[in-house]
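Chemist: build the 3D model from these lines:
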Amino acid sequence: MSRLRLVITGSEGQVTRALQALAGPDLEVVAFGRETFDLAAEGDATDVFAREKPDVIVNAGAYTAVDKAESERELAFAVNGRGAGRVAQTAAALNVPVIQISTDYVFDGAGQEPWREDDATGPIGAYGASKLAGEEAVRAKTPDHAILRTSWVYAPWGANFVKTMLRLAETRPELRVVADQWGTPTSALDIAEAIVLVARNLAQRPTDANLRGTFHLTSQGETTWADFAREIFAQSLARGGPSATVTSIPGIDYPTPARRPANSRLSTAKLAAVHGARLPHWRESLARVMDALVGAKATPAA
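Modeler: Below you'll find the predicted structure:
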């Protein structure tokens, strides 16, 4: 298959926009906004997707307001749980694979080791629980799926930690950032490239059960939010952009309605072995996004 046609839910998300940026002669991308397909709605959506003749459906749409989910639990489950099930059911009806984007929040964040795909889940908040419900719904509706769990997503667009840090540094010389939560910042640009690779594998090898299942998709390396912020500012400063001093604080000093996992490390060995997808180190990927947000790093004078 030389041409791949993806139909994606969620037209404004970071991953969707990254996938749209990859579109070209060999990749067609059709993104459904809420007006075309509302994940929170009910009913059969087969006809809506069938009109676009997808080779693979990607469910990138989601309710992502982690804190707000604590007070909007029903809406979070409608979108992330039942909505994901509707997408998977549609994919099954059309006999095409579905890729479900999930999250590190399905784990409880205990321990120090990277989570593996077969580790026991145990979300500690409504958002994580709703995403886990989505995973379970996808598995129940069709075996022809790849669930991709990722973490700490950022991009040159949308709302994310990198853009927030740069915005705050415009007016604040010092920022207090949590230093006891560990994970891996992951660029939506890299996630999109990996999704295309996985989608091609699924479409080209429809009977290969090894390509189906649950996989972890993050950059290489690990860090804390505080050290992530320090690297953002170091790279920004090198490009002539805003910077600030980062003071490390414990998570208890930054209370939020939803608890965050202390350990969001994800092992990506399975994805590399099965699909051949291995993302760059997070610092390398951050540089690519910083080039887009702040500008290419200045070349030293001769």
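
Chemist: please tell me how far Pro97 sits from Lys53.
Modeler: Per C-beta to C-beta, to the nearest Å, Pro97 is found 14 Å from Lys53. Where you see a C-beta, it was placed from the backbone N, CA and C, and this is true even at glycine.

Chemist: what about the two, which has more around it?
Modeler: Comparing Pro97 with Lys53 by other C-beta atoms under 10 Å, the one with more neighbours is Pro97, at 27 against 12.

Chemist: just the strands from the protein, written as ranges.
Modeler: Assigned by DSSP state E, the chain shows strands spanning 4-9, 27-32, 56-59, 98-103, 145-150, 153-154, 174-178, 182-183, 186-187, 213-216, 223-224, 245-249.

Chemist: now mean pLDDT, mean neighbour count and distance to Arg288 too, for those strands, in JSON lines please.
Modeler: Below are these laid out as JSON lines (pLDDT from 0 to 100; neighbours: other C-beta atoms under 10 Å; distance: least, C-beta to C-beta, whole Å):
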{"stretch": "strand 4-9", "mean pLDDT": "98", "mean neighbour count": "24", "distance to Arg288": "22"}
{"stretch": "strand 27-32", "mean pLDDT": "98", "mean neighbour count": "20", "distance to Arg288": "19"}
{"stretch": "strand 56-59", "mean pLDDT": "98", "mean neighbour count": "27", "distance to Arg288": "22"}
{"stretch": "strand 98-103", "mean pLDDT": "98", "mean neighbour count": "26", "distance to Arg288": "20"}
{"stretch": "strand 145-150", "mean pLDDT": "98", "mean neighbour count": "25", "distance to Arg288": "17"}
{"stretch": "strand 153-154", "mean pLDDT": "98", "mean neighbour count": "24", "distance to Arg288": "11"}
{"stretch": "strand 174-178", "mean pLDDT": "98", "mean neighbour count": "17", "distance to Arg288": "22"}
{"stretch": "strand 182-183", "mean pLDDT": "98", "mean neighbour count": "21", "distance to Arg288": "19"}
{"stretch": "strand 186-187", "mean pLDDT": "98", "mean neighbour count": "27", "distance to Arg288": "7"}
{"stretch": "strand 213-216", "mean pLDDT": "98", "mean neighbour count": "21", "distance to Arg288": "21"}
{"stretch": "strand 223-224", "mean pLDDT": "98", "mean neighbour count": "18", "distance to Arg288": "17"}
{"stretch": "strand 245-249", "mean pLDDT": "98", "mean neighbour count": "16", "distance to Arg288": "22"}
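
Chemist: right, and those strands - which one's nearest Arg17?
Modeler: Closest to Arg17 of the strands of the chain, according to C-beta to C-beta: strand 27-32, at 8.5 Å.

Chemist: please state the offset of that closest one from the chain centre?
Modeler: From the chain centre to the centre of strand 27-32 is a distance of 17 Å (C-alpha atoms, centre = their mean, to the nearest Å).

Chemist: who does it touch, helix- and strand-wise?
Modeler: strand 4-9, helix 14-21 (3 or more C-beta pairs under 8 Å, 6 or more residues apart in numbering; DSSP states H and E).
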